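Undergrad: Next input, structure requested:
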Amino acid sequence: MYNRRKAIQTLFTGTATVAAAPLLLNLKYEKPYANMYSALKGNINHAVCRWTYQYLPLDELCHTAQQIGIRGIDLVGPADWATLKKYDLTSSMCNGAELNLTDGWADTRFHAALIPRYKEHIELVAKAGYKNLICFSGSRRGMDNETGWNNCVKGLQQIIGLAEKNNVTLVMELLNSKVDHKDYMCDHTVWGVELCKRLGSPNFKLLYDIYHMQIDEGDVMRTIQQYYPYIGHYHTGGVPGRHEIDETQELYYPAIMKAIVATGFNDFVAQEFIPTGNNKIESLKKAIAICDV
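TA: This next block holds a predicted model:
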């Protein structure tokens, strides 16, 4: 089971729903909402993270995704890929090779466990016809940046050749260390970009989680425009609280999506917010409409 599920659900149950913003802010979203059920424009490949809708059986989530126009389900491992294929959906970000979010590539103590797991999953991902496999730096544990980079390179170099051979991209997620994942090492874009440069492989990229990076560094659109060659995937989420990406939060997603499209990005943008409304599927439809620029 994907470890952050319980942590985020605990946060959700202890957090009150964010109050609606003033009418002036609502007006910014009026136009996207008006067309939420129309045909999607095709500029964004839409996905949704499995864990945020885990209350639904996977079959039901897949059927719902099909109806909305979503093409991928994020964070699904090999055991469930057959279900996705039934609905002609892709595993847009595969998982299952990681140990957890804290014991990652930045600490050499975990390399002996991670390397065989990732070798196995790289081949499974390729055999299934998918291409993205998530990975994590893990916790800092008192290490400086240089030590973390060196350790990550030392471990990842032992599997990156296999990833290249199989046309699989290893994607390290950027997570905030301020609120949700204390001590996580890959918590700023520049840290992840430096790791990409040191590895020097087109098959290693970053998962730019917009929610996490708004918390730890802000400056979202300029960062995307500057570092887009190193970004292989995006996650959404409302700030604060990781709830709906609508007028209740501080980010304006239509502009962010336009910035992503302008870079020529053609992979997946996955919704990873925790819906708070009574109709959680409507929240998902609304998010897709907001992001479909």
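Undergrad: Wait, His235 touches Leu206, no?
TA: No - between His235 and Leu206 there is no contact, the gap being 11.1 Å when judged by C-beta atoms under 8 Å. All C-beta spots, glycine's among them, are computed from the backbone N, C-alpha and C.
Undergrad: shared neighbours, those two?
TA: Residues touching both His235 and Leu206 (C-beta atoms under 8 Å, 6 or more residues apart in numbering) are Glu173.
Undergrad: Let me see the backbone angles for Leu207.
TA: Here is the backbone geometry of Leu207 (degrees, to the nearest 10): phi -100, psi 110.
Undergrad: Same question for Gly72.
TA: Here is the backbone geometry of Gly72 (degrees, to the nearest 10): phi -140, psi 150.
Undergrad: got the contact list for it?
TA: So Gly72 contacts 45-48, 89-93, 268, 270 (C-beta under 8 Å, 6+ apart).
Undergrad: Mind telling me what element Glu164 is part of?
TA: Using DSSP states H and E, Glu164 falls within helix 145-165.
Undergrad: Check which residues of that helix are buried.
TA: Within helix 145-165, the residues that count as buried by 16 or more other C-beta atoms under 10 Å are 147-149, 151-153, 155-156, 159-160, 162-164.
Undergrad: what is the orientation angle of the helix or strand following that helix with helix 145-165?
TA: Note on helix 145-165: by DSSP H and E, the next helix or strand toward the C-terminus is strand 169-173. Relative orientation of strand 169-173 and helix 145-165, computed by axes from the mean of the first three to the mean of the last three C-alpha atoms, to 10 degrees: 150 degrees.
Undergrad: how about strand 169-173: buried residues?
TA: Here strand 169-173 shows 169-173 as buried, counting by 16+ other C-beta under 10 Å.
Undergrad: On the strand side of things, show who the nearest residue to Phe204 once chain neighbours are set aside bridges to.
TA: Spatial nearest neighbour of Phe204, excluding adjacent residues (C-beta to C-beta, 6 or more residues apart in numbering): Leu170 at 5.1 Å. Taking DSSP bridges as the rule, Leu170 bridges to Leu133, Phe204.
Undergrad: what ranges of the stretch 1-150 of the chain fall below the confidence cut-off?
TA: Scanning the stretch 1-150 of the chain for pLDDT under 70 picks out the ranges 1-38.
Undergrad: at 90 instead, please
TA: For the stretch 1-150 of the chain, the stretches with pLDDT under 90 are 1-39.
Undergrad: cool, and the stretch 151-293 of the chain?
TA: For the stretch 151-293 of the chain, applying pLDDT under 90 flags the ranges 277.
Undergrad: so where do the strands sit in it?
TA: 169-173, 204-209, 231-235, 268-271 (DSSP state E, counting those that start in this stretch).
Undergrad: Nearest the geometric middle of the protein, what residue?
TA: By C-alpha atoms, centre = their mean, the chain has its centre lying nearest to His235, at 3.7 Å.
Undergrad: how close does that residue sit to Glu60?
TA: Noted for His235: a distance of 22 Å to Glu60, by C-beta to C-beta, to the nearest Å.
Undergrad: One more: Met257?
TA: Note on Met257: its distance to Glu60, by C-beta to C-beta, is 27 Å.
Undergrad: Tell me which of these two has more neighbours.
TA: Using other C-beta atoms under 10 Å, the more surrounded residue of Met257 and Glu60 is Met257, with 22 against 12.
Undergrad: Mind listing what's buried along the helix or strand containing Lys127?
TA: Assigned by DSSP H and E, Lys127 belongs to helix 111-128. Residues 111, 114-115, 118, 121-122, 124-126, 128 are the ones in helix 111-128 that count as buried (16+ other C-beta under 10 Å).
Undergrad: I'd like the residues you listed written out as CSV, with distance to Val239 added.
TA: What follows is the buried residues of helix 111-128, written out as CSV (distance: C-beta to C-beta, whole Å):
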residue, distance to Val239
His111, 34
Leu114, 31
Ile115, 35
Tyr118, 31
His121, 31
Ile122, 33
Leu124, 34
Val125, 31
Ala126, 35
Ala128, 34
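Undergrad: correct me, but Glu250 touches Gly241?
TA: No - contact criterion C-beta under 8 Å: Glu250 and Gly241 do not qualify, at 10.3 Å.
Undergrad: higher neighbour count, those two?
TA: The residue with more neighbours, out of Glu250 and Gly241, is Gly241; 20 against 12, by other C-beta under 10 Å.
Undergrad: What does that one show for phi and psi?
TA: Residue torsions, per degrees, to the nearest 10, at Gly241 are phi 100, psi -10.
Undergrad: and what of the one 10 residues further on?
TA: As for Leu251, its main-chain torsions (degrees, to the nearest 10) stand at phi -100, psi 140.
Undergrad: Alright, calling it a day.
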